[in-house]
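Asks: predicted model follows, preceded by the sequence.
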Amino acid sequence: MKYFILFITIFVKFTTSTTNFDYESWDTSYEEDERPSISTNLEIPSFIPSLRPPPPSVDLEIEIPSNCKSDNFKITSLEELEKISNCEILIGNLHISNFKYPIITLKLEKILGNLTIEKSPEIVRIEAPNLQIISNQFSLFELTSLSLISFPNLKWVNVLNWTILPILSNVNFNHEIEGIESITISDTSLTGFSGFLADSLRLLDINNNRFLDVIECNVEEIDYLRVGANSKNVRVLFPKLRKIYKLMGILNVESIYMDELEVVEGSISLIDNYFQQIRFPKISLIKGTLSLLKNDQLNHVEFPNLNEIEGGLMVINNTLIENINFFSNVNIIGGALELIGSIKEITFKQLKLVKGSAIVKSTSPYFDCQKWLKSDIMLIVRGGKLECTNAKNEKTTSRTKEDGSGLDEKNLSGRAKSGSTSLSSSRSTSSGNKLDVDSGHNNHQHLDDPITTTTSDSNGLTLDLKFEIYNVILLILNLLFD
C-alpha cells in the first residue's frame, strides 16, 4: 500500500506543478505570448579595460615628479591644469570637468591611466600635440561646443568612449591607433570612421552620428557590434570580419559588406535598414537568433552556406520580400520560426527540424495556409504548434507531437476580428501590421483562446501526456504488487 501512495503522490505533484520555461533559450516549451522580444535598443555592456600587453615605450625607471603621481587628478580650471604642465608622464587618472575655458592644451606625452573630459559646454577645442599613450580609457562626454580634437601623435589607447559631442566634426589622429579593444562613438557630427589597428574588439558601438556615411574597420573578431541611427546613406564595411562572439545589431544602414563572416556565436538583428540586398556567403552557423525585421527596401537575401540556427528565425514585415527561399541549406532551427509579411511562397529545401513553434502570417492573397500546413512542415516542427493566418485574417492552428505527427488542427470560424495582428493565437485591435520597433514584434495582447486551452491545462501539460504518465504509473504498480 505504501508504494501505491508514493506513486500517486508523485503523479499528483508532477501533473499539478508549475512548469518554469526558459524563454531565452527558444526551446520546445515555447508559448505564443511568451516569445522573447527583439529590441532595437540593444543593451551593450560597459567594459573595463582587460589585461592586454602594456603600451610600448613606457619607461618608469625615470624619476617622476611628485606632482605627476596621484590616483586621480581632478581639473576644473586653468590654474589646476597648470599644476601638471611640467609633467611628461602622468601616473593616475586625469579627470577634467566643468572647465570654463574654450581651449584645453595638454603638454603630456603619456597618461598611465584614464583621460576623461566631460560636462564642459564652453570647451571648443582639445589639443595634445605630444601625447602618445593613454593606457586605459579616453572618454569625452557632454561637450556640446567641442568641434576639434587634435592628438597628432597618439599611438595607443585602450578604450575610446565618446558620447554627446553634437558638433564634433574634426578629429586629427595622424597615426593609426593601436591597443584599442572597445570603441563607442555616439551623437557626434563626424562623417567617417576608420584608422584603428585591431584584430579583435570586445565592443564596437557607432550610433546616432547623423552625418556619418562610412564605417570601415579591418577587425577580424568582435564580441558586440552595434551600428544604428547614423546617416541614412551610411555604408558599413568589414572586409576581414570572420567571427562575432555575442551580438550583431545593424539598424538604419544603406549597405553592408561582411563577405568573410563565418560564425556568429550570438544573435544577428538586421532592423529597419535601407539596403536592397544583403549577402553573407560564408556564414555557416548562428548560435543565437536571426532577425530580419522591417527592412522596407530589401528584396534580395543570400545565406548560401548557413546550415544551422540554434536560436529562432524571424523574417517580419520586410515589404518587398514575397518568396522566402534564401535559406536553402538550413537543416535545423533550434527555436521558433516566425514569418510575417506579403509572403507568397515559403521554401526550406533542407530543413529537417524546428524545435520551437512555427507562425506564419501572410497578407498576400496567393498564399494558401491549408496547403502550407499539409506540407512537410508538419513533420519538421516539434515545438507543439503550427499557426497560419491568411490575407483574409483567417487563422488555422495545429499542434504537433514530438515525433512530428499532427495532433490537432482547428480553424477559426469566419474571419478574425478586423485588423487582427496577433503573432500567436491571441487576438488584438486594429493595429494592422504595425511593427513595435522597441520590441521587434507586432503589437498584441493576450486573450484566452479556446483553440489553445482545449488540449492543455494551465501548466502546459496536455491531457494525452497526463494519461500516458498515469498508464506508466499503473504499469509500475502492477509489477510491484505482482
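Replies: Cool, the structure landed. Since we're looking at a predicted model, the values are computed, not measured. Numbering: from 1, shown residues only.

Asks: helix, strand, or coil at Trp372?
Replies: helix (DSSP: H, G, I helix; E, B strand; the rest coil).

Asks: could you tell me how many residues sit around it?
Replies: Counted with other C-beta atoms under 10 Å, residues neighbouring Trp372 total 22. Yep, even glycine has a C-beta here, placed from its N, CA and C like the rest.

Asks: and it, what pLDDT?
Replies: As predicted, Trp372 sits at a pLDDT of 92.

Asks: model confidence at the residue lying closest to it once chain neighbours are set aside, what's the number?
Replies: Once flanking residues are discounted, Trp372 sits nearest to Cys388: 5.9 Å by C-beta to C-beta, 6 or more residues apart in numbering. Cys388 is assigned a predicted lDDT (pLDDT) of 97.

Asks: again with Thr363
Replies: Here the pLDDT value assigned to Thr363 is 97.

Asks: count the neighbours of it for me.
Replies: 17.

Asks: OK, contacts around it?
Replies: Thr363 makes contact with Gly341, Ser342, Ile343, Ala391, Asn433, according to C-beta atoms under 8 Å, 6 or more residues apart in numbering.

Asks: let's go with 10 Å and repeat that
Replies: Contacts for Thr363 (C-beta atoms under 10 Å, 6 or more residues apart in numbering) come out as Asn317, Ile340, Gly341, Ser342, Ile343, Thr389, Asn390, Ala391, Lys392, Asn393, Gly432, Asn433.

Asks: make a PyMOL selection of the buried ones in these.
Replies: Listed next is the PyMOL selection for buried residues among those, using 16 or more other C-beta atoms under 10 Å:
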select buried, resi 317+340+341+342+343+389+390+393+433
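
Asks: same list, the contacts of Thr363, but as a markdown table with secondary structure and distance to Ile380 please.
Replies: What follows is these, written out as a markdown table (DSSP: H, G, I helix; E, B strand; the rest coil; distance: C-beta to C-beta, whole Å):
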| residue | secondary structure | distance to Ile380 |
| --- | --- | --- |
| Asn317 | coil | 24 |
| Ile340 | strand | 19 |
| Gly341 | strand | 21 |
| Ser342 | coil | 23 |
| Ile343 | coil | 17 |
| Thr389 | strand | 19 |
| Asn390 | coil | 20 |
| Ala391 | coil | 24 |
| Lys392 | coil | 26 |
| Asn393 | coil | 25 |
| Gly432 | coil | 30 |
| Asn433 | coil | 26 |
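
Asks: in the stretch 1-150 of the chain, which spans are strands?
Replies: Secondary structure of the stretch 1-150 of the chain (DSSP state E, counting those that start in this stretch): strands located at 69-75, 89-97, 103-105, 110-112, 115-118, 125-127, 133-141, 148-150.

Asks: Lys374: which of the ones you listed is closest?
Replies: Nearest to Lys374 among the strands of the stretch 1-150 of the chain is strand 133-141 (58.9 Å), distances taken as C-beta to C-beta.

Asks: ok so, going back, quick check, nearest of the contacts of Thr363 to Arg279?
Replies: Among the contacts of Thr363, and counting by C-beta to C-beta, the member closest to Arg279 is Gly341, at 20.2 Å.

Asks: confidence score at the closest one?
Replies: For Gly341, the model assigns a pLDDT of 98.

Asks: over to Arg399?
Replies: 82.

Asks: cool, and Val58?
Replies: Note for Val58: predicted pLDDT of 60.

Asks: then Leu480?
Replies: In this model, Leu480 carries a pLDDT of 51.

Asks: touching, the residue nearest to Trp372 and Glu394? I think so.
Replies: Yes - counting by C-beta atoms under 10 Å, Glu394 is a contact partner of Cys388 at 8.9 Å.

Asks: of these two, who's got more company?
Replies: Using other C-beta under 10 Å as the criterion, Cys388 and Glu394 rank with Cys388 on top: 25 against 17.

Asks: where does that one fall, secondary structure wise?
Replies: For Cys388, the host element (DSSP states H and E) is strand 386-389.

Asks: strand partners of that strand, parallel vs antiparallel please.
Replies: Using DSSP bridges, strand 386-389 pairs in its sheet with strand 358-362 (parallel), strand 395-400 (antiparallel).

Asks: so how far is the shortest one from its chain's centroid?
Replies: Its chain's C-alpha centre and that of strand 358-362 lie 22 Å apart, by C-alpha atoms, centre = their mean, to the nearest Å.

Asks: try stretch 301-308
Replies: With C-alpha atoms, centre = their mean, you get 19 Å for stretch 301-308.

Asks: cool, stretch 262-282 as well?
Replies: The answer for stretch 262-282 is 11 Å, by C-alpha atoms, centre = their mean.

Asks: many thanks, have a good one.
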